[in-house]
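A.B. asks: Quick one, fold the following:
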Amino acid sequence: MSGGLILHYGFDDVFSGSLQNDGTGTIIGSPVGATQTSAGYINKAYEFDGVDDHILMQPSTDFGVQDHTVAAWVRSNDYGVPNQVVFDTLTVTHPHGGIQLFVGNNRAAYGFRTSAGESTPIGTPQVLFSDVDDGTWHHILGTYSFESGTGKSTVQLFVDGSLELNWVETRAAAVGYAGQIGHIGTNDDSDAVYGRGFAREFSGTIDDVRLYNRVLSPVEIQTRVAIPEPATLFIFLLGLAALARKGTR
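C.D. replies: Numbers count the residues shown, from 1 in each chain. Sure, this is the predicted structure:
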C-alpha cells in the first residue's frame, strides 16, 4: 500500500510549524489559521473555518506527477456550499491548478489540468450528499491515468469507495507541474487569501490526505475506505474483549 506514496498528512504531529509528511516525498505543508483537532476520522485532523483557514504546501518537484491518486477523509459542515477545495496544486503559468479535489453543491468533483490540455474539475452527475450528511465523514478519492501511445486520459472519482465518475478523453501528456505550490482547504482563486474574487474555502474537518504517484488498485481503494472511525473501532474492540472474556469462563 505504501508504494508510490509521496505525500501523507495524518495530521497527528506538527514540527516547528510544519506538518509531518509520512510519505517518501519532500512536500512541506504549514497550517495557516487551520487548527488541529483530536476529533479526526482516524486520530487527529485539521479544522477549517470556511473563511480563510488553509494549509500551504511549498513548491516541490514531487507535484510533477502524471498518473496519480489523491485522497482524503472530509467532514464538511455543509456539503451544499459550492466549490469547497479539499486539495489543489498550481503553477504561476497555470494558476488554476494541476490536481483539484472539491466537494460542494452536494457533490464531489475532481480533475487534473495539464499544460497541454486544460480540464476543469468534473463533478459527479448525481447528487451524493444531503442535509443529513452535513457534519459526517466521507472518503473522497480521485485517480488519473495517461496512455502515452493513444493519448487516452482517464479520470475516476470514488466516494466512500464507490466509483461515481469515469471520464475518458484524449489529450497530450501533462508537463510543467514539477515545482508548483499546493493548498489544502482553499486554492489560488480564493478572495480571502489571494484577492481573486472567488469563494473556495472548505468549512469543516479534513484528515488523512494522501497523494500517490500511481493509480491505486480497486482493492487498495477499498482498503483505504475500510478504516473504521475511532468510535466504531472502540466498540469493535470492546466486543472482541467481551468475547475473549466469555471464552475464558
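A.B. asks: Walking through this structure, point out its helices one by one.
C.D. replies: Using DSSP state H, the helices of the chain run over residues 191-194, 218-225, 230-247.
A.B. asks: what packs against the shortest one?
C.D. replies: Read that as helix 191-194. Helices and strands touching helix 191-194, as assessed by 3 or more CB pairs under 8 Å, 6 or more residues apart in numbering; DSSP states H and E, are absent. Where you see a C-beta, it was placed from the backbone N, CA and C, and this is true even at glycine.
A.B. asks: got the CA coordinates for that helix in PDB?
C.D. replies: C-alpha atoms of helix 191-194 as PDB (Å, rounded to 0.1, in the frame of the first residue of the first chain):
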ATOM      1  CA  ASP A 191     -10.700  36.100  -2.500                       C
ATOM      2  CA  ALA A 192      -9.900  35.900   1.300                       C
ATOM      3  CA  VAL A 193      -6.400  34.600   0.700                       C
ATOM      4  CA  TYR A 194      -5.400  35.900  -2.700                       C
END
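A.B. asks: what about stretch 181-194, start to end distance?
C.D. replies: This stretch, stretch 181-194, spans 14 Å end to end (CA to CA, to the nearest Å).
A.B. asks: gap between it and the chain center?
C.D. replies: Computed by CA atoms, centre = their mean, to the nearest Å, the chain-centroid distance of stretch 181-194 equals 14 Å.
A.B. asks: and it, which residues are buried?
C.D. replies: Using 16 or more other CB atoms under 10 Å as the test for burial, stretch 181-194 gives Ile181, Gly182, His183, Ile184, Gly185, Thr186, Asn187, Asp188, Asp189, Ser190, Ala192, Val193.
A.B. asks: Surely Thr143 and Gln156 touch.
C.D. replies: Yes - at 4.7 Å, Thr143 and Gln156 qualify as touching, with contact defined as CB atoms under 8 Å.
A.B. asks: more crowded one of those two?
C.D. replies: Relative neighbour count places Thr143 above the other of Thr143 and Gln156, with 23 against 19, counting by other CB atoms under 10 Å.
A.B. asks: Show me what that one is bridged to.
C.D. replies: Thr69, Gln156 (DSSP bridges).
A.B. asks: list the contacts for it?
C.D. replies: When contacts are counted by CB atoms under 8 Å, 6 or more residues apart in numbering, Thr143 touches His68, Thr69, Thr154, Val155, Gln156, Phe158, Val215, Leu216.
A.B. asks: And it, what's its pLDDT?
C.D. replies: Looking at Thr143, its pLDDT reads 95.
A.B. asks: and the closest residue to Thr186 other than its chain neighbours, how many neighbours?
C.D. replies: Nearest residue to Thr186, sequence neighbours excluded (CB to CB, 6 or more residues apart in numbering): His54, at 4.0 Å. By the criterion of other CB under 10 Å, His54 has 28 neighbours.
A.B. asks: Would you confirm that His54 contacts Glu201?
C.D. replies: Yes - when contacts are counted by CB under 8 Å, His54 is listed as touching Glu201 (7.2 Å).
A.B. asks: which residues are common contacts for the two?
C.D. replies: Phe48, Gly185, Thr186, Ser190, Val193.
A.B. asks: Phe202 contacts Glu47, correct?
C.D. replies: No - assessed by CB under 8 Å, Phe202 is found out of contact with Glu47, at 9.8 Å.
A.B. asks: So those two - more neighbours on which side?
C.D. replies: Taking other CB under 10 Å, Phe202 and Glu47 do not tie; Phe202 has more neighbours (31 against 22).
A.B. asks: Let's test this: name the helix or strand in this structure with the lowest mean pLDDT.
C.D. replies: Ranked by mean pLDDT, DSSP states H and E, the weakest helix or strand in the chain is helix 230-247, scoring a mean of 49.
A.B. asks: what's near enough to touch Asp62?
C.D. replies: Asp62 sits in contact with Ile6, Leu7, Gly25, Thr26, Ile27, Leu211, Asn213, where contact means CB under 8 Å, 6+ apart.
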